[in-house]
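Novice: let me see the structure of the following:
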Amino acid sequence: MLRQTAIILMALAMSSAAWAQDPPTPESGAAPEIMILGTYHFTGGGSDYVNSPVEDHLSAARQAEIAAVLDRLEAFAPTRILVELEPEHEAAFNETYAQYRAGQHSLTVNERQQIGMALAARLGHDRLYAVDYSNGMDFDAMLQAAAAAGQTALLADFDTAIGRIQAQAADPATASLSVLDRLIDVNSAEEIAQHNLYLILAQMGDSAHPAGAQQMELWWGRNLHIFANIAHVSRPGDRVLVIYGAGHKYLLDQFVDSAPNLEWVDPLSYLQ
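Specialist: This is a model prediction of the structure:
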């Protein structure tokens with residue numbers, strides 16, 4: 001009996017070592033391919049800390065630019081399209097989508113409809129999927145905690161970073177970019193790297209009142225929930241297009257690329 005137990009323990013140890021070195025992968029081609037398309041808000045509004053001005057995306061010129069984006073995304077041939085919307089609103093969203101396919105709805109100025117619905121209709125999809133998760137985030141609590149802790153240098157770093165983002169957002173040259181060029185820009189490595197601002201926020205406060213770390217737990221946690229929702233609706237062999245606010249792209253890309261049963265796809269390989 002002791003010998004059998006020892007053999008079992010050795011086998012488990014060897015399996016654990018093998019997993020650590022080379023995690024198992026699904027059969028070739030079976031892993032869902034996941035593309036996270038970071039977007040700006042076509043309406044120019046939204047709940048982001050910084051929102052960019054945009055020109056009318058229903059104008060003939062902008063509609064032609066959006067059609068060019070759809071042409072490139074269509075080449076990915078997604079089998080499922082996921083949007084930044086909480087699951088409780090999915091049924092109503094798909095009712096609107098059905099009306100659009102029946103010629104009874106005109107797309108509103110929103111990337112969920114302008115890209116998501118329009119591309120889904122091109123591809124003959126019956127539905128889209130809502131995968132957002134919201135838990136709120138209190139910026140004021142972090143800034144107040146930093147002020148109370150005397151973190152003047154940290155607050156200056158935050159102001160500098162926000163000032164740079166605001167200046168870029170307000171630059172008329174940004175708003176005048178074509179939809180395709182702007183999507184290429186927000187999905188670039190340089191833009192995605194601005195997520196490091198959240199690690200400045202994480203340091204705000206002190207060990208007694210770690211407001212920054214607590215709020216960043218919510219941010220990382222929110223994106224983990226979104227990632228899990230993406231995984232829940234993805235099936236082997238799927239090509240999944242996720243249309244999401246660009247601020248989420250850094251973490252969602254990281255989670256998808258690190259998951260051993262998913263395959264990350266760079267949208268720039270199709271947009272450029």
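
Novice: just checking, Leu69 touches Leu271?
Specialist: Quick fix: residue 69 reads Val, not Leu. Yes - using C-beta atoms under 8 Å, Val69 is in contact with Leu271, at 7.4 Å. C-beta here means a position set from N, CA and C on the backbone, and glycine is covered the same way.

Novice: of those two, which one has the most company?
Specialist: Under the criterion of other C-beta atoms under 10 Å, the comparison of Val69 against Leu271 puts Val69 first, with 24 against 19.

Novice: distance-wise, check the more buried one relative to Val131.
Specialist: Distance check for Val69 against Val131: by C-beta to C-beta, to the nearest Å, it reads 21 Å.

Novice: state which helix of the protein is the longest.
Specialist: helix 211-233 (DSSP state H).

Novice: run through the neighbouring helices and strands of whichever helix or strand comes after it.
Specialist: For helix 211-233, the following helix or strand on the C-terminal side (DSSP states H and E) is strand 239-245. With contacts defined as 3 or more C-beta pairs under 8 Å, 6 or more residues apart in numbering; DSSP states H and E, strand 239-245 has these neighbours: strand 33-39, strand 80-83, helix 211-233.

Novice: the helix or strand hosting Ala153 relative to helix 211-233, how many degrees between them?
Specialist: Secondary structure assignment for Ala153, by DSSP H and E: helix 152-170. What separates the directions of helix 152-170 and helix 211-233 is an angle of 50 degrees, with axes from the mean of the first three to the mean of the last three C-alpha atoms, to 10 degrees.

Novice: packing partners for helix 152-170?
Specialist: helix 139-148, helix 197-202.

Novice: what's the offset of the shortest one from the middle of its chain?
Specialist: Helix 197-202 has its average C-alpha position 18 Å from the chain's average C-alpha position, going by C-alpha atoms, centre = their mean, to the nearest Å.

Novice: please save the CA atoms from that helix in CSV.
Specialist: In CSV, the C-alpha atoms belonging to helix 197-202 read as follows (Å, rounded to 0.1, in the frame of the first residue of the first chain):
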residue,chain,number,x,y,z
LEU,A,197,-1.5,55.6,-15.1
TYR,A,198,-3.5,53.1,-13.0
LEU,A,199,-0.3,52.1,-11.2
ILE,A,200,0.2,55.7,-10.2
LEU,A,201,-3.3,55.6,-8.8
ALA,A,202,-2.7,52.3,-7.0
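
Novice: in this structure, which helix or strand is least confident?
Specialist: helix 2-21 (a mean of 38; mean pLDDT, DSSP states H and E).

Novice: roughly how far does Pro267 sit from Leu37?
Specialist: For Pro267, the distance to Leu37 under the criterion C-beta to C-beta works out to 5 Å.

Novice: what do you get for Gln194?
Specialist: Applying C-beta to C-beta to Gln194 and Leu37 gives a distance of 17 Å.

Novice: before we move on, back to that, so which of the helices and strands packed on strand 239-245 comes closest to Phe139?
Specialist: Each of the helices and strands packed on strand 239-245 was scored for nearness to Phe139 using C-beta to C-beta, and the closest is helix 211-233 (7.7 Å).

Novice: tell me what that closest one is packed against?
Specialist: Here helix 211-233 is seen to pack against strand 80-83, helix 139-148, helix 197-202, strand 239-245, helix 249-258 when contacts are counted using 3+ C-beta pairs under 8 Å, 6+ apart.

Novice: list the buried residues in the second one.
Specialist: Read that as helix 139-148. Neighbour counts using 16 or more other C-beta atoms under 10 Å place Ala141, Met142, Leu143, Ala145, Ala146 of helix 139-148 among the buried residues.

Novice: so for that helix, what's the average pLDDT?
Specialist: The pLDDT scores in helix 139-148 average 96.

Novice: number of residues surrounding Trp100?
Specialist: Small correction: residue 100 is Tyr, not Trp. Tallying neighbours of Tyr100 according to other C-beta under 10 Å, which is how burial is gauged here, yields 18.

Novice: ditto for Thr79
Specialist: Neighbour count of Thr79, defined by other C-beta under 10 Å: 16.
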